[in-house]
Structures are given as C-alpha cells and as structure tokens.
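Q: Compute the structure for the input listed below.
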Amino acid sequence: MEAQTPQDDYKRVKEDIQLLREDLAKLTRAVADGQKNNISNLRDEIRKESREALRHARERGDEVFNRAREAGDKAIHDVEHKIEERPFLSVVIVFLVGLLVGKLLDR
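A: Alright, predicted model coming up:
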C-alpha cells in the first residue's frame, strides 16, 4: 500500500467534492425537469377540468332556459285559452287593469 501524502488526500477530497457538485447539479436538473413535467400535467388537468365544468354549466343553462321557455309558452297558451273561453270577461279585466295602472302612474 502506498503512503498517501497530504497533497494526495487533498487531491482526492477535491475530486470527491467536484464529483459531488456534478451529482448535485444532475440531481437539481432532474428535480427541475420533474417539477416542470408535474406543473405541465397539472396545468393540462386544470384546463381539462375547467372545460368540463364550462360544458356542464352550458348544458345546465340550456336546460333551464328550455324549461323556462316551455313554461312561458304554456302560460301564454293557457291565457289564450282562457280568453277564448270568456272573451267578454277578459276584455273587462284588461280594461280594469288598465284603469288601475293609469291611476298608479298618475300619482
């Protein structure tokens, strides 16, 4: 076994430190790349979820709008039917409502 001098020990420690620096740099790059991939995947997942939520909200909005339109159409049909059943009474009621609205607007 060769006798090691302090200079040899110093060189060996210096080389070990350099190797540690290189390994740390590689590890840092690997972690950074992994985090970039994780962030990219998370961003894609958030985009997908937000598109799905928007699509679901549009569908629900369309359903509510269609139900409201159907209810409005039914109400109009019912009013038309009542007017057809009792036209004179309908005219009298409309006249009275007009008088009431006129009195309220005069104030």
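Q: Tell me where the chain has helices.
A: All helices of the chain, identified by DSSP state H, fall at 6-85, 87-106.
Q: roughly how far is the last one from the heart of the chain?
A: Read it as helix 87-106. Relative to its chain's centre, helix 87-106 lies at 49 Å (C-alpha atoms, centre = their mean, to the nearest Å).
Q: and the angle for it with helix 6-85?
A: 120 degrees (axes from the mean of the first three to the mean of the last three C-alpha atoms, to 10 degrees).
Q: Rebuild the helices of the chain as TSV, extending it with mean neighbour count and mean pLDDT.
A: To be clear about C-beta, it is placed using only N, CA and C from the backbone, and glycine gets the same treatment. As requested, the helices of the chain are exported to TSV (neighbours: other C-beta atoms under 10 Å; pLDDT from 0 to 100):
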stretch	mean neighbour count	mean pLDDT
helix 6-85	10	90
helix 87-106	10	89
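Q: Got the confidence number for Ala3?
A: Per-residue pLDDT puts Ala3 at 62.
Q: Which residue lies nearest the spatial centre of this protein?
A: Taking C-alpha atoms, centre = their mean, the centroid of the chain lies closest to Ser50, which sits 3.8 Å from it.
Q: what about that residue, distance to Tyr10?
A: 59 Å (C-beta to C-beta, to the nearest Å).
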